[in-house]
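K.L.:
Let's see this in three dimensions:
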Amino acid sequence: MRRTVFAVAVVGLLASAGQGLACEGSDVIFEDTFQDNGGGWSQKKTVAIGDGALTFTLPADDMQSNLNVMFSVEDADVCVEAVWPHGVGNGENNGRILGAGLLFWGENNRTYYQFGILSNGRYWIARKQDGAWVGTIAANIDSPAIKTAPGAANTLRVDAKGNQLAFYINGTKVRELRGQAPKGSWRFGVSGDNFDKSNEATVLFTNMKVTD
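P.N.:
So this is what the prediction gives:
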């Protein structure tokens, strides 16, 4: 399993070579290439960190989230790179549908916002409050900016300044919003979704960067 995960992560890194993460702040608050588990992430049985990837191993029809424990921010530009594993995609070859998400404005593991993409080329923005999903701001919106091929890397970015939010996929702005930011500092993180109701699946992240 570890060799398989590492090989897929390398494929994603090679596919995105030279692209880099697009956070534009001058001061780097946080950066992690997931070479080890020292980046401040919660340790769970569904999460493996190392060999250049943070990997969610998701049971059938399951969603998992992971907010960073050690770092918090106020105004921040948050970027993460996700890589689709082989065997998923836009429906070709019976590909399974997966979701990769960037979490922001997180207060705790039960309260946060989520900006995510699907391996069939759609994105969403949603809010979770006290463990319940209380609103979907954007649901299954088609975007040509999303790369759907197995092994493809996608960069998600949320630029949060005060109550203003801008959302980007691979450098393309897809939405701007106004909202009520948490008072004081907040946390960021990642999430994985497996929409296959019968089979386990993995969702990989290979790089994360937060700037101010």
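K.L.:
Check Ala7 and give its pLDDT.
P.N.:
At Ala7 the predicted local distance difference test score is 43.
K.L.:
got any ranges where this structure has weak pLDDT?
P.N.:
Scanning the chain for pLDDT under 70 picks out the ranges 1-20, 87-95.
K.L.:
now the helices: where do they sit in it?
P.N.:
Listed in chain order, the helices of the chain (DSSP state H) span 2-15.
K.L.:
Return the set of residues that bridge with the residue lying closest to Ala166 once chain neighbours are set aside.
P.N.:
Using Cβ to Cβ, 6 or more residues apart in numbering and skipping residues adjacent in sequence, the residue nearest Ala166 is Asp159, 4.3 Å away. In this view, the C-beta of every residue, glycine as well, is placed from N, C-alpha and C. Beta-bridge partners recorded for Asp159 (DSSP bridges): Asp77, Ala166.
K.L.:
residues near Asp159, how many?
P.N.:
A count of neighbours around Asp159, defined by other Cβ atoms under 10 Å, yields 22.
K.L.:
pretty sure it is touching Asp77, no?
P.N.:
Yes. The pair Asp159 / Asp77 is scored as a contact, 4.8 Å apart, by Cβ atoms under 8 Å.
K.L.:
which neighbours do these two share?
P.N.:
Common neighbours of Asp159 and Asp77 (criterion: Cβ atoms under 8 Å, 6 or more residues apart in numbering): Glu24.
K.L.:
which residues touch the residue lying closest to Asp62 once chain neighbours are set aside?
P.N.:
Nearest residue to Asp62, sequence neighbours excluded (Cβ to Cβ, 6+ apart): Asn194, at 5.3 Å. Taking Cβ under 8 Å, 6+ apart, we find Asn194 in contact with Leu58, Pro59, Ala60, Asp61, Asp62, Met63, Arg96, Leu98, Gly99, Glu200, Ala201, Val203.
K.L.:
Next one: the second one from Ala126, what distance?
P.N.:
As judged by Cβ to Cβ, to the nearest Å, Pro59 and Ala126 stand 21 Å apart.
K.L.:
Neighbour count: the two, which is higher?
P.N.:
Ala126 (17 against 12).
K.L.:
Specify the beta-bridge partners of that one.
P.N.:
Residues in a beta bridge with Ala126, per DSSP bridges, are Gln114, Thr136.
K.L.:
So it is in contact with Trp133, correct?
P.N.:
Yes. Counting by Cβ under 8 Å, Ala126 touches Trp133, with 6.0 Å between them.
K.L.:
ok, now which ones touch the closest residue to Val203 other than its chain neighbours?
P.N.:
Computed as Cβ to Cβ, 6+ apart, the closest residue to Val203 that is not its neighbour in sequence is Gly192, at 3.3 Å. Taking Cβ under 8 Å, 6+ apart, we find Gly192 in contact with Phe56, Leu58, Met63, Gln64, Leu98, Gly99, Ala100, Gly101, Thr202, Val203.
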